[in-house]
Structure formats: structure tokens, C-alpha cells
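S.K.: The sequence isn't on hand, but the structure is:
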């Protein structure tokens, strides 16, 4: 088998020389321009590619015959020394392979000048040469686009077989489908942008302007469930949480300064604080020392948790947001020393800082904890926590009875996986973008805390229904490591139908029941 690129050498009548001192893979002499057929797959693979190129020569000959009307003009080689070799091969092959006698192979020569055919026939032969060049380089030339049928074998890498007319037709259809899909996507994005712009106008110009009056309207609640625009989310959260406790900026400033003084005194002491590694435990001598020890423990807990809060967000490691996170957490410890700092608070404050002005975060934190389930969990009120877990269990049994029964059978109790979900409103367990959607719903109505948990279980229904305890526990406690599609999950959450009146009824029922089974592991 002879490579197409070595045809000019053979056309000139010169024998391909042996390369002295070189051998093939099996010790046989290697000859330039000739590829020996070999049984070794690594050697035979290039031969397959050469065979594909050689098969093109037949098509080239057919094109040449058609362009010349079936004639076989004799080619006069430009190199006299190669006249004998030129007689032994057809002019079509010599010209199409770029031999010295082809005008297309001479730099600066036009297809109609100096050709063996002369005049107009030379132009056609030059067109064929251009097509062959397009095939060898894998790039269709201008001449190759003249006729679709002639260019069927062009436009792909040289090591691949030529395209057929059927393949070209199928590829054209596929390209058409891709273009149509891209146009549909662009149109969909354009419509979404228009809908978003209209929604922002309604939120800012109507709903937020008179929030308390429009909060209960059906249109407001429908738009709330469908998704709050990022641009108005902070203002909506601020309005939805409110400030019924009348927390003023001056009060926040006092607590912030007090916390900074305590931290400064700890640094001046230069010794391990109470509860820190290396400090010997001792009972506090007075109430003031007990309060001081509590402050020190809270500050150390904050220092430990801050780097672990949204670890992918560099803003919470250093910079204004990191300073604001530290100030708000320390100020809350001074505001509620009976609660102090509890692991999980940093996620609540960080979510608020991502969407609200710094001055609004501390009042929002105080009011949110006071008016929701969060204070129950942070104070570790086991009786009230048992009520929330019982309520979740009852709602799960109502909506997904088969999955509820399976989780009970394998020993997957709610207290094993919902603590992090409820204590951080899913901020620690879900990607931030999806957690924001859950926060939107939770601020619309507290029942969406339980509804979101049930929707999350329904999202992983297939994996949970067929899994043993270990698989279920690993999945539900490491949800953040899984790939979650926001649209699909929100569809599952919104598909959970829980009537607010039914929710309140089940909550009263849970309050009257014995919930000791939910306390502990």
C-alpha cells in the first residue's frame, strides 16, 4: 500500500531509496515512502488510514473523467528526468496527487496555465486538485463547495472514511435541530428576563411599598411561592421578619462594644481561657465569674465555627463580611447570655449578611430567633424539640406513607438527620442558591420548614426506598455532597400539599402526645 502523499515520487520514475541504518519494528529495512503490510495492530492502523485515502483516488478519477468528458489527455511532465515515470501513470493521478507536472502544484501558477490539458480543461482539473487538498487537510475549499455530491467526501479528518450523501443529509438535520434548540433556549431566556423585569416592578412598586396590607393577598403569595427575584430578596426578608422587639442600632452598638472589650481582655491575659485546652476546670467563685466563663466559651466557639461557615465563600474568612459576622454573633451572646452561642447560628447570620444590609442583620437575627422554632433548638428545649420532630413525623406519614414506613423499618429516626436541617433552615445542608428558595418559603409560612424536609425526601425517594440504614443515613446527612437540581427539588417541595389548618391541627396533636421517643439518638 502506497501513501497518497508519496505519489509524486513514484510518478517521477524514481525508486524510493532505502534509508541506511534504519530498520522497521521487526528488524526489516525501512524504505522511504512505502508502508509494508504488517500483522501488528499498531503498524496496521496507519495502513487503514492510507487505504481510506487511496480509495479516494477512484472518486478523483471519476471526477476527472467527468470534467474532461471522459478523455485521458497525456500529461507532459515539467521535469525531463521524470518523463519515463510519468508515462507509467495516468495524468489524472499525477495531477490529483500534486506531481510536478500539475499546474496546481506550481506556486503562482493558475489552473489554466501550463497544464497538460491547456486552457479551460486545466481549470476543471485544478478544481479537482483543490478538492483533494481539501480532503487531505480536512478543510473544504471554495472549489469543493461547487457541487454537494462531489464534496460528500470532504470536510472531515484524513484518517476517517469519506462521508456519504446520507451522512451529509443526517448531519444537516442534526445541525438544524441544534440550531432550533438554541433558538428556543434564547427565546425562553428572553421571556424569563421579561417576566423577571415585570415581577421586580410588581414587588418594588406594589408589594413592598405596602407590605403589611398586601402580604396576605393571593397574588403576593403566588409570586412568593414561584420565586423571589434576587434583587428584592433582602428587602422582602427584612419586611417579612420585621422588628417587633424594637432592636435599635444603638443597642446593637452597645453589645458590639461590650463583646469587643471582653475579647480584648482575653488577649491581654495571655493564658488559656476557661474551657480551653490547657485550662484546669474549676467551679466559678461567683456569678460574675460564671458569666465571664460563659462569654469566653462562646467567643471560642465562634472562632472555631467561623472558618467552617460556608467554606467556599472567601468573604466569610476575611474582609467586611467576616468582621460583620463576628460582630453580630458576639453581640447576640451579650444580648442573650442565657442562650449564648450555639453551633449553627453562624449559618443563620451568614445567610442574612448575604442578602441584607449589615445594620439590619442584628435586628433581623434577634426577631427571627425569637419568633420561630430556632430559639427552641438553640436553647435545647427537649420537650419543644420533640413536638417539632413529632409534627414532622406525622406530616411525613400523611404525605409519603410508604417511605415513612420504610424509614421506620430500617431504624432511620427523624432526630438522626433533621437537626441540621431545622437549626440552620437548610443553610448547611443545601447549596446556597437552593437554601435561599427554602428561606423564601419559610418566611412565607413556618410550615414550609417541614414541607421542605418532606420534599427533599421525595426528591431522593428512589434511593431511600431501596436503601438500608447505612445508605439512608449517609445520604440524608451528606446531602450537600450530592448533585441537586434546583428546579426539580423545588417542584417536589411545592408539590407537597399541606393545608395550613391541617398543619396547625397536627401541631396541637403533637403537643399532646408523648414525644420522649424523639429525645436522644
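M.R.: Happy to help now that I have it. Bear in mind the structure is a predicted one, so any value in this text is a computation, not a measurement.
S.K.: Touching stretch 195-211 from outside, list them.
M.R.: Stretch 195-211 has contacts (C-beta atoms under 8 Å, 6 or more residues apart in numbering) with 214, 220, 223, 228-229, 231-232, 235-236, 239-240. From N, CA and C alone the C-beta is placed, and that goes for glycine too.
S.K.: give me that answer again for 10 Å
M.R.: 213-215, 217, 219-220, 223-224, 226-233, 235-236, 238-240, 242 (C-beta atoms under 10 Å, 6 or more residues apart in numbering).
S.K.: and residue 291, helix, strand or coil?
M.R.: Look at residue 291: counting by DSSP: H, G, I helix; E, B strand; the rest coil, its state is helix.
S.K.: Can you tell me, leaving aside adjacent residues, what's nearest to it?
M.R.: Counting by C-beta to C-beta, 6 or more residues apart in numbering, the nearest residue to residue 291 once its immediate chain neighbours are dropped is residue 337, at 6.3 Å.
S.K.: Now that neighbour: phi and psi?
M.R.: Main-chain torsions, residue 337, degrees, to the nearest 10: phi -70, psi -20.
S.K.: pretty sure it contacts residue 293?
M.R.: No: assessed by C-beta atoms under 10 Å, residue 337 is found out of contact with residue 293, at 11.2 Å.
S.K.: Compare neighbour counts for these two and give me the winner.
M.R.: residue 293 (18 against 13; other C-beta atoms under 10 Å).
S.K.: And the more buried one, how far from residue 262?
M.R.: Distance from residue 293 to residue 262, counting by C-beta to C-beta, to the nearest Å: 11 Å.
S.K.: Have a look at this structure and report its longest helix.
M.R.: Using DSSP state H to assign secondary structure, the helix with the most residues in the chain is helix 165-202.
S.K.: Break down the protein into its strands, ranges please.
M.R.: Along the chain, the segments classed as strands by DSSP state E run 18-23, 29-31.
S.K.: Could you give the average pLDDT over the first one?
M.R.: The one in question is strand 18-23. The average pLDDT within strand 18-23 is 43.
S.K.: cool, and stretch 216-235?
M.R.: Averaged across stretch 216-235, the pLDDT comes to 94.
S.K.: ends of that stretch, how far apart?
M.R.: 17 Å (C-alpha to C-alpha, to the nearest Å).
S.K.: Pull out the buried residues from it.
M.R.: The neighbour-count check on stretch 216-235 (16 or more other C-beta atoms under 10 Å) flags 220, 223-225, 227-229, 232-235 as buried.
S.K.: export the residues you listed to CSV and tack on distance to residue 179?
M.R.: Shown next, in CSV, are the buried residues of stretch 216-235 (distance: C-beta to C-beta, whole Å):
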residue, distance to residue 179
220, 41
223, 35
224, 38
225, 36
227, 30
228, 35
229, 31
232, 36
233, 36
234, 40
235, 41
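S.K.: So which of those residues sit within helices?
M.R.: 220, 223-225, 232-235.
S.K.: ok, which stretches of the stretch 351-500 of the chain are helices?
M.R.: Ranges of helices in the stretch 351-500 of the chain, per DSSP state H, counting those that start in this stretch, are 358-370, 374-378, 382-399, 401-409, 418-423, 432-444, 448-459, 461-465, 469-477, 486-495, 500-512.
S.K.: What average pLDDT does the longest one get?
M.R.: Averaged over helix 382-399, pLDDT sits at 94.
S.K.: Pretty sure residue 465 sits against residue 412.
M.R.: No: counting by C-beta under 10 Å, residue 465 sits too far from residue 412 to count as a contact (11.6 Å).
S.K.: so what's residue 350 closest to, chain neighbours aside?
M.R.: residue 309 (5.2 Å).
S.K.: list the contacts for that neighbour?
M.R.: 302, 316-317, 322, 325, 329, 344-351, 424, 427-428.
S.K.: Okay, now the unreliable bits of this structure?
M.R.: 1-156, 270-287, 520-521 (pLDDT under 70).
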